[in-house]
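*Asks:* Got a predicted structure plus its sequence, pasted below:
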Amino acid sequence: MGQITLSSVTKVFGDVTVIPPLDLTINDGEFVVFVGPSGCGKSTLLRLIAGLEDTSSGKILIDGQDATDAAPAKRGLAMVFQSYALYPHMSVRKNIAFPLKMAGASVEEQNRKVENAARILNLSSYLERRPGQLSGGQRQRVAIGRAIVREPAAFLFDEPLSNLDAALRVTMRQEISELHQNLKTTMIYVTHDQVEAMTMADKIVVLNAGRIEQVGSPLELYRNPQNLFVAGFIGSPKMNFITGAEAAKHDCATLGVRPEHLDVVEGGPWQGVVGIAEHLGSDTFLRVHVEGIGDLTVRVSGEMGLHHGDRVSLAPQAGKLYRFDANGKAIA
């Protein structure tokens, strides 16, 4: 079991409130991603759950038991950090077995659990190597293996892929998602990358200045953002925001439209000139300067041969406009 409940949890450093009173329930077996810009409090929140930071007030329950003041080792959680924190002089086998050795497990138990973790992570043929002989992705898998052998109630990942190159991040993202499907264990994952959040999570928690802006599945947040912050953070490329006279026509302070919900058509309501065209193969991203509105990002087929200086006519897809009031709240 791995249900985690935060009840009015706060964190204050001196005179600065980093986490205002916050309530959140993470259900057993969920893959939950904390996402938000740098400094939003997502890593601090993870450290509070892990017990690496003390809460200023509120309660943390793990499987219904009050763990607010429990030591990290007593919480039944395993954390995987951005840095691999492996012992360079030890083999992969000994690195993975280290927490078991510290807990006094027998050699037989250590070997059984290490070999099971290695099989899950495709590390069986690397057990006698040292970390210096491994790639970045393999080292991260060793760090995850060290967490697996503890058989925790939940795994906590603090931006574990930040040190990897783009291609390897995609591979490791898939491997961690597959690991969750195999283990069925609660996972909490911190990232500033909304693409990671969208592709991995069962549930996303969007944080801003320590506050939860919205909680929901990736598609819920994409389709029904509750405010301007979530609308602008979820989705890549980000949503276009339009203010002024055009927004007023739609009875709102800000009008939002995603790049993929704009079509290049004949006789559309918005006329403009292509400034930049980024051709990515399957997609092309256009930066279009629209008269009376400003710059809009448009996502079109990679086969569309538009270039700098071309005049285009744009039309938003039916039912795909988002309206926000003067306070940035979504208008139903």
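*Replies:* On my side now, so go ahead. Numbering: from 1, shown residues only.

*Asks:* Am I right that Ile60 is in a strand?
*Replies:* Yes - in this structure, Ile60 lies within a strand as judged by DSSP: H, G, I helix; E, B strand; the rest coil.

*Asks:* who's in contact with it?
*Replies:* Ile4, Thr5, Leu6, Ser7, Val9, Leu48, Ile49, Asp66, Ala67, Thr68 (C-beta atoms under 8 Å, 6 or more residues apart in numbering). The C-beta positions use only the backbone N, C-alpha and C, and glycine is treated the same way.

*Asks:* could I get these as JSON lines with neighbour count?
*Replies:* Output for the contacts of Ile60, formatted as JSON lines (neighbours: other C-beta atoms under 10 Å):
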{"residue": "Ile4", "neighbour count": "24"}
{"residue": "Thr5", "neighbour count": "18"}
{"residue": "Leu6", "neighbour count": "22"}
{"residue": "Ser7", "neighbour count": "15"}
{"residue": "Val9", "neighbour count": "22"}
{"residue": "Leu48", "neighbour count": "24"}
{"residue": "Ile49", "neighbour count": "25"}
{"residue": "Asp66", "neighbour count": "12"}
{"residue": "Ala67", "neighbour count": "22"}
{"residue": "Thr68", "neighbour count": "17"}
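
*Asks:* Export these to JSON lines and append columns for distance to Phe31 and pLDDT.
*Replies:* Conversion of the contacts of Ile60 to JSON lines gives the following (distance: C-beta to C-beta, whole Å; pLDDT from 0 to 100):
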{"residue": "Ile4", "distance to Phe31": "13", "pLDDT": "97"}
{"residue": "Thr5", "distance to Phe31": "17", "pLDDT": "97"}
{"residue": "Leu6", "distance to Phe31": "17", "pLDDT": "98"}
{"residue": "Ser7", "distance to Phe31": "22", "pLDDT": "97"}
{"residue": "Val9", "distance to Phe31": "21", "pLDDT": "97"}
{"residue": "Leu48", "distance to Phe31": "19", "pLDDT": "97"}
{"residue": "Ile49", "distance to Phe31": "15", "pLDDT": "97"}
{"residue": "Asp66", "distance to Phe31": "25", "pLDDT": "96"}
{"residue": "Ala67", "distance to Phe31": "21", "pLDDT": "96"}
{"residue": "Thr68", "distance to Phe31": "24", "pLDDT": "96"}
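
*Asks:* can you map out the helices along this protein?
*Replies:* Per DSSP state H, the chain carries helices over the ranges 42-50, 92-102, 107-120, 136-148, 166-183, 194-200, 218-223, 228-233, 245-249.

*Asks:* List the buried residues of the shortest one.
*Replies:* Of the residues in helix 245-249, those buried under the neighbour-count criterion (16 or more other C-beta atoms under 10 Å) are Glu246, Ala247.

*Asks:* residues contacting Arg211?
*Replies:* Contacts here follow C-beta under 8 Å, 6+ apart; on that basis Arg211 touches Pro20, Leu22.
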